[in-house]
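>>> only geometry, no sequence info:
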Ligand code: DGY
């Protein structure tokens, strides 16, 4: 039987590419430039499986072609808000993602941002590299103590819980949780966490707020001007989820006028574009979407995609089917 024709839309770790090439009739986008909508639409007509990433946009229009050959979109990443899953479903295309394997590393990056912005590490590094450091003094770049502070976690799935584990057990933080469904008492008990009813209840009580909910239309601008106003004036916002969850314009204003203490962002609304208003803010740490970027995790993500494809082409329900 002919091997399934599979398209990998970006370069992946060499070990995963090599394994995939053994199993499938594999094409790789060797230029590693984001594909255009018309490239993706063409791929849906030509390949049995397309393996997109967060840089590939698959809105409903992309699926609008006379005939699709693709039967599965096996996404390389846990977030899949760049794929219109309803449109995929209506064309009989399954969608999978890569949960679990990146939770720890993404929580590490959220902790990194939280510590960096609270302890003014980005400002300090810029000062030192620019040759502006004049030496130790008691009032120099004093920041905010993280240990023992209150952390609000919005979205308490695997990554939110990995964040709670670090913050509570490592830093003695008090954990408040907001999640769309009720969290089991034994899960909350692991982190001595309290679940609150709404984002409005959570924000005024926190010294730090970390976002771990999915992106997509339902959570677009979940953090907007009105909600930023509910945060304490010295509180910090951390986003490692999806850029669209935060209204960047409203955040830039809040940082500029000091209505919140600062923010740490790993994700942006229109990646790789970062608005000038954010680039100019000193009380902000910016990272280029590094959440899952460790060698081990990027390999694990690739092998998880492979496992989903193997399930699918063996006639089983893929283990991480999301649509
Ligand atoms: C994820 O896995 O969702 C990362 O953000 C990369 O897409």
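Sure thing, it's come through. If you're wondering where the values come from, they're calculated on a predicted model, not measured in any experiment.
>>> ok, now which ones touch residue 142?
residue 120 (C-beta atoms under 8 Å, 6 or more residues apart in numbering). All C-beta spots, glycine's among them, are computed from the backbone N, C-alpha and C.
>>> Which helix or which strand is home to it?
Here residue 142 sits in a region with no helix or strand, counting by DSSP states H and E.
>>> same check, this time on residue 151
Per DSSP H and E: residue 151 is located in strand 150-154.
>>> quick one: average confidence on that strand?
Looking at strand 150-154 alone, the average pLDDT works out to 99.
>>> helices or strands up against that strand?
Applying 3 or more C-beta pairs under 8 Å, 6 or more residues apart in numbering; DSSP states H and E, one finds that strand 150-154 contacts helix 158-164, strand 174-178, helix 199-202, strand 208-211.
>>> Out of these, which gets nearest to the ligand?
The ligand lies closest, by C-beta to the nearest ligand atom, to one member of the helices and strands packed on strand 150-154: helix 158-164, at 9.2 Å.
>>> Correct me if wrong: residue 255 contacts residue 264.
No - using C-beta atoms under 8 Å, residue 255 is not in contact with residue 264, being 11.3 Å away.
>>> who touches both of those two?
Common neighbours of residue 255 and residue 264 (criterion: C-beta under 8 Å, 6+ apart): residue 284.
>>> which one of those two has more residues nearby?
residue 264 (27 against 22; other C-beta atoms under 10 Å).
>>> Now do the more buried one, the pLDDT please.
Per-residue pLDDT puts residue 264 at 99.
>>> Could you tell me how far the residue most central in space within the chain is located from residue 253?
Compute the mean C-alpha point of the chain, and by C-alpha atoms, centre = their mean the closest residue is residue 241, 3.4 Å away. Counting by C-beta to C-beta, to the nearest Å, the gap from residue 241 to residue 253 is 21 Å.
>>> burial measure for the residue in the stretch 101-250 of the chain that the ligand sits nearest to, as a count.
Nearest residue of the stretch 101-250 of the chain to the ligand: residue 102, at 5.4 Å (C-beta to the nearest ligand atom). Residue 102 is flanked by 25 other residues according to other C-beta under 10 Å.
>>> mind putting the helices and strands packed on strand 150-154 in CSV, mean pLDDT, distance to the ligand and mean neighbour count included?
Output for the helices and strands packed on strand 150-154, formatted as CSV (pLDDT from 0 to 100; distance: least, C-beta to the nearest ligand atom, whole Å; neighbours: other C-beta atoms under 10 Å):
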stretch, mean pLDDT, distance to the ligand, mean neighbour count
helix 158-164, 99, 9, 25
strand 174-178, 99, 20, 22
helix 199-202, 98, 21, 16
strand 208-211, 99, 12, 28
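>>> Report pLDDT for the residue of the stretch 101-250 of the chain closest to the ligand.
98.
>>> Quick check: closest non-adjacent residue to it.
residue 292 (3.9 Å; C-beta to C-beta, 6 or more residues apart in numbering).
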